[in-house]
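> The following block contains a protein sequence and its predicted model.
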Amino acid sequence: MEKETTGRQHIPDKVYFRIGEVSALVGVAPHVLRYWESEFTLVKPRRAASNQRLYRRKDVEALLLIRELLHNRGYTIAGARKFFDRRDFDLQEFLQNHSDTDENKATEKLADIKEELRRIQQLLALKSLRY
């Protein structure tokens, strides 16, 4: 299966994810995911006939954003809830506007540095030929 990148995580190209898979993708314990479900209306997993939670891609993306807000940006649960409760907040629009992640920026910067190092190497090689 093809993988797609959202944020810093690779989300497999699947329709539904079980709680263990989502737990591994998001990097938190399953009980934390269940707690976040109760705190954030944005996350609404479906239930299978066996009553098992089935998360969709948008749920996983929302959970990754919640984790980013709580763990990396220092938001509290209440603060993150306010972030999502804004009238103009749209998860898909937010993800599209913020798809240029730090990882992509770092990759581009590394490519620029490598190119500059190649130029320097060529200049040094030319100077050594002159002497």
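Happy to help now that I have it.
> and residue 38, that's in a helix?
Yes - with DSSP: H, G, I helix; E, B strand; the rest coil as the criterion, residue 38 is located in a helix.
> give me the number of residues near it?
Residue 38: 8 surrounding residues under other C-beta atoms under 10 Å. For every residue, glycine as well, the C-beta is placed using N, CA and C.
> same thing with residue 60?
For residue 60, the tally of surrounding residues (other C-beta under 10 Å) stands at 23.
> Who are the packing partners of the helix or strand where it lies?
Counting by DSSP states H and E, the secondary-structure element that holds residue 60 is helix 57-67. Using 3 or more C-beta pairs under 8 Å, 6 or more residues apart in numbering; DSSP states H and E as the contact definition, the elements that helix 57-67 packs against are strand 3-6, strand 9-12, helix 19-26, helix 30-39, helix 91-97.
> Out of the ones you listed, flag the one nearest residue 54.
Relative to residue 54, the nearest member of the helices and strands packed on helix 57-67 by C-beta to C-beta is helix 19-26, separated by 8.8 Å.
> Looking at stretch 85-93 now, give me its mean pLDDT.
For stretch 85-93, the per-residue pLDDT values average out at 71.
> Could you give the separation between the terminal residues of it?
Distance between the two ends of stretch 85-93: 15 Å, counting by C-alpha to C-alpha, to the nearest Å.
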